[in-house]
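> from the sequence below, what's the structure:
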Amino acid sequence: MIKIFFHPYFLKPMTVLNAVAKPTARQGVLLRVEWSDGHVGYADLHPWPELGDLSLAEQLEDLRLGRMTTQIEQSIWLARRDAVLRKQRKNVFDVVEKIRNNFLLSNYQDLKPGFLDELKKEGFTTVKVKMGQDLQQEAAALTHIAAAGLRIRLDFNALGSWQIFEKFMTGLAPSVRALIDYVEDPFPFDFHAWNEARKLCKIALDNQYDKVPWGKIPSAPFDVIVIKPAKTDVDKAVGYCQKWNLKLTVTSYMDHPVGVIHALGVAMDLKKQHGDMVLEAGCLTHRLFQMDSFSAEIGTQGPYILKTKGVGVGFDSLLEALPWQPVQSP
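Predicted coordinates:
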């Protein structure tokens with residue numbers, strides 16, 4: 001038996017988030033989950049309907065009716081992880097090793113003179129670029145990133161086609177292509193077309209995860225699985241990586257700072273358990289939004305997020321002070 005409470009919040013973007021996001025404040029809810037055994041934990045619920053999620057209103061209604069969406073299931077799973085640590089008076093950073101993050105460039109126009117040199121001085125080695133706003137300008141940005149000696153990850157969010165992707169990739173200079181770690185979701189999932197795409201670069205599976213007929217494919221037409229603990233069954237995804245000898249990376253869901261630290265905690269756990277299978281994470285997404293009382297408590301040192309204050313994912317006093325509303329059952 002569990003009791004669930006929620007608190008709505010808004011995140012105000014500092015820049016363009018990706019090619020499909022509206023330039024308005026994003027809404028989500030924090031969840032407080034109480035178990036009958038005395039455990040209490042916190043998590044985030046931040047849907048992206050633009051990427052195929054049910055809306056926040058729909059998910060809250062499902063929660064009231066006792067229906068578990070994939071995201072709600074993951075939120076409760078993460079809240080339980082937090083609750084166990086809180087019961088033990090441990091912080092998520094206490095039990096694992098730290099993990100490096102890529103820098104996220106969601107808008108190529110943010111690439112100002114001297115910016116890349118500063119990233120290198122801070123210790124970043126990899127830049128992830130959100131693609132699809134202006135491919136010509138984005139290709140120019142990739143040239144600058146490669147010239148700075150930084151590795152590159154591209155995310156197309158499955159917005160293109162095989163023809164567009166092939167033309168774009170073959171148009172890049174060999175020196176740029178040589179520094180591309182992988183490309184996420186180059187176009188909507190298609191087993192044969194993705195196998196062809198792998199001849200151009202390594203391919204990572206992210207928001208097309210649910211489109212894969214896992215029980216029917218003879219092999220994996222991708223090289224990396226992007227795990228977003230906010231919506232991905234972590235154990236199943238790790239199992240697929242082990243089955244097909246794939247790499248994995250963990251990213252936050254461009255969500256609340258509570259979600260960011262949860263994702264980082266999973267990333268550090270997996271790095272400790274699986275070593276080289278786990279690549280650099282992508283959890284430095286709180287910087288995409290205007291600072292609030294929660295993000296102000298996240299310290300960073302170059303590509304690393306520093307230990308939060310408190311137990312579990314941290315933010316103890318802030319979470320306790322929120323006016324929590326009960327999720328009403330019918």
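
> which stretches of the stretch 101-250 of the chain form strands?
103-105, 126-130, 151-155, 180-184, 203-205, 224-227, 247-250 (DSSP state E, counting those that start in this stretch).

> wait, which of the ones you listed is closest to residue 304?
Residue 304 lies closest to strand 103-105 among these, at 11.9 Å (C-beta to C-beta). Where you see a C-beta, it was placed from the backbone N, CA and C, and this is true even at glycine.

> residues making contact with the closest one?
111, 119, 124, 126-130, 141, 282, 284-285, 287-288, 303 (C-beta atoms under 8 Å, 6 or more residues apart in numbering).

> list the contacts for the closest residue to residue 178 other than its chain neighbours?
Spatial nearest neighbour of residue 178, chain neighbours left out: residue 146 (7.9 Å); criterion: C-beta to C-beta, 6 or more residues apart in numbering. Contacts for residue 146 were tallied using C-beta under 8 Å, 6+ apart; they are 152, 173, 175-176, 178-179.

> any buried residues in stretch 79-86, and which?
79-83, 85-86 (16 or more other C-beta atoms under 10 Å).

> hang on, I meant stretch 216-226
Result for stretch 216-226 [16+ other C-beta under 10 Å]: buried residues 220-226.

> one more: stretch 309-327?
Buried, per 16+ other C-beta under 10 Å, within stretch 309-327: 310-316, 318-319, 322, 324, 327.

> chain center to that stretch: distance?
Distance of stretch 309-327 from its chain centroid, counting by C-alpha atoms, centre = their mean, to the nearest Å, is 22 Å.

> and it, end to end?
End-to-end distance of stretch 309-327 (C-alpha to C-alpha, to the nearest Å): 28 Å.

> now stretch 29-48
Start-to-end, stretch 29-48 (C-alpha to C-alpha) is 13 Å.

> one more: stretch 157-173?
So stretch 157-173: terminal residues 23 Å apart, C-alpha to C-alpha.

> can you give me the offset of it from its chain's centre?
The answer for stretch 157-173 is 23 Å, by C-alpha atoms, centre = their mean.

> mean confidence for stretch 69-76?
On average, the pLDDT along stretch 69-76 is 97.

> and stretch 116-127, by the same measure?
pLDDT averaged over stretch 116-127 gives 96.

> got the contact list for that stretch?
100, 102-105, 144-145, 148-153, 181, 280, 301-304.

> and with 7 Å instead?
102-103, 105, 144-145, 148, 150-153, 181, 280, 302-303 (C-beta atoms under 7 Å, 6 or more residues apart in numbering).

> can you give me the buried ones in stretch 192-210?
Taking 16+ other C-beta under 10 Å as the criterion, stretch 192-210 shows 193-194, 197-198, 200-201, 203-209 as buried.

> tell me which two of these sit farthest apart.
200 and 209, at 21.2 Å, using C-beta to C-beta across the buried residues of stretch 192-210.

> residue 54 belongs to a helix?
No - Residue 54 is assigned coil when assessed by DSSP: H, G, I helix; E, B strand; the rest coil, not a helix.

> ok, now which ones touch it?
Residue 54 makes contact with 47, 69, according to C-beta under 7 Å, 6+ apart.

> without its sequence neighbours, what residue ends up closest to residue 269?
residue 96 (5.4 Å).

> what of residue 168?
Distances taken as C-beta to C-beta, 6+ apart place residue 135 nearest to residue 168, at 5.7 Å, with adjacent residues excluded.

> burial measure for the one you found, as a count.
17 (other C-beta atoms under 10 Å).

> same check, this time on residue 10
Using other C-beta under 10 Å, residue 10 is surrounded by 13 other residues.

> so it belongs to a helix, correct?
No - applying three-state DSSP, one finds residue 10 to be strand, outside a helix.
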